[in-house]
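[1] coords please:
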Amino acid sequence: MADDLISAQINDRQVAALNRRLDRFADAMKDPTPANREASIAMYGFLIRNFDRAGGLQGGWTPLSPKTVKEKARIGKERMLVRSGALRSSFLPFHSRENAGVGSELEYSKYHQEGTVHIPQREMLPRREKVLEIGLKVYGNYVARESRKASG
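    Take a look at the predicted model:
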């Protein structure tokens, strides 16, 4: 090698160590279930914060009708979409190897989420853009964390 060149070399031992790290990282990436679990919990957290802020994380909910406000006052309730607490507590995170999300099995939850002729739309779930934002953050953090573990 000429005296004016610089070089970097890697030996067999270093290659073997690098391959072990890459194998550990590849093994961690084979099963996205842990990352999906984290994503579902993050979406659930968004839903609860949005619910507590009366949809404020997505522009706010349509105000209640005067008739509904009067009825809620009569029974001692003030918060929107809260009468018994069943709706809010019906939302649960879910995940598997293939997906992650948050949802409710209460039939009337979709009426509030999507709106009807008589019920204005009051979005509780994160919109698609927010789901993608949450996913990118969670999965990015997961990859970075697993990469650090594999290097250690």
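[2] Please enumerate residues in contact with stretch 24-31?
    Residues outside stretch 24-31 that contact it (Cβ atoms under 8 Å, 6 or more residues apart in numbering): R97, V143, E146, S147, K149, A150. Any C-beta I mention is one placed from the backbone N, CA and C, and that applies to glycine too.
[3] Among those residues, the buried ones, what's the ChimeraX command?
    Entered in ChimeraX, the line below selects the buried ones among these, by 16 or more other Cβ atoms under 10 Å:
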select :146,150
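[4] Let me know the closest of the contacts of stretch 24-31 to G59.
    Using Cβ to Cβ, V143 is the member of these that lies nearest G59, at 31.8 Å.
[5] The residue nearest to the closest one when sequence neighbours are not counted and A150: what is the separation?
    Excluding its sequence neighbours, the residue lying closest to V143 (Cβ to Cβ, 6 or more residues apart in numbering) is M29, at 7.4 Å. M29 sits at a distance of 9 Å from A150 (criterion: Cβ to Cβ, to the nearest Å).
[6] In helices only, show me the contacts of stretch 24-31.
    Judged by DSSP state H, the subset of the contacts of stretch 24-31 located in helices is V143, E146, S147, K149, A150.
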